[in-house]
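Peer 1: the following comprises the amino acid sequence and a computationally predicted model.
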Amino acid sequence: MPYITVEMIEGRTDEQKRALVEKVTEAVVETTGAPKEKVVVFIEELSKKHYAVAGKLLSDQE
């Protein structure tokens with residue numbers, strides 16, 4: 001049973017998340033041959049307060 005974790009910055013719509021998990025699931029089924037019913041996708045949303053690039057929090061760059 002493949003388990004896939006997607007980590008991304010918060011702010012995507014539910015529609016975008018649905019599209020993402022559909023495409024990721026399709027890719028896993030196509031490349032591994034795993035049955036669609038066995039593919040599990042986790043979305044972990046990262047707060048902009050907890051993510052930094054080049055020494056700066058993303059929440060400070062807005």
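Peer 2: Received it, and whenever you're ready, just let me know what you need.
Peer 1: helices and strands of the protein: which one bottoms out on pLDDT?
Peer 2: Least confident element among the helices and strands of the chain, by mean pLDDT, DSSP states H and E: strand 52-53 (a mean of 92).
Peer 1: tell me the helix or strand right after it.
Peer 2: strand 56-57 (DSSP states H and E).
Peer 1: sheet-wise, list the partners of that following strand with their directions.
Peer 2: Sheet pairing for strand 56-57, assigned by DSSP bridges, gives strand 52-53 (antiparallel).
Peer 1: and the contacts of the least confident helix or strand of the chain?
Peer 2: For strand 52-53, the surrounding residues in contact (C-beta atoms under 8 Å, 6 or more residues apart in numbering) are 58, 61. Heads up, the C-betas are built off the backbone N, CA and C, glycines and all.
Peer 1: please compute how far that strand lies from its chain's middle.
Peer 2: Distance of strand 52-53 from the chain centroid (C-alpha atoms, centre = their mean, to the nearest Å) equals 18 Å.
Peer 1: ranges for the strands of this structure?
Peer 2: With DSSP state E as the criterion, the chain has strands at 3-9, 40-46, 52-53, 56-57.
Peer 1: reformat the ones you listed into JSON lines and put mean neighbour count and distance to residue 16 next to each item.
Peer 2: Compiled in JSON lines, the strands of the chain are given as follows (neighbours: other C-beta atoms under 10 Å; distance: least, C-beta to C-beta, whole Å):
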{"stretch": "strand 3-9", "mean neighbour count": "12", "distance to residue 16": "10"}
{"stretch": "strand 40-46", "mean neighbour count": "12", "distance to residue 16": "10"}
{"stretch": "strand 52-53", "mean neighbour count": "10", "distance to residue 16": "21"}
{"stretch": "strand 56-57", "mean neighbour count": "12", "distance to residue 16": "23"}
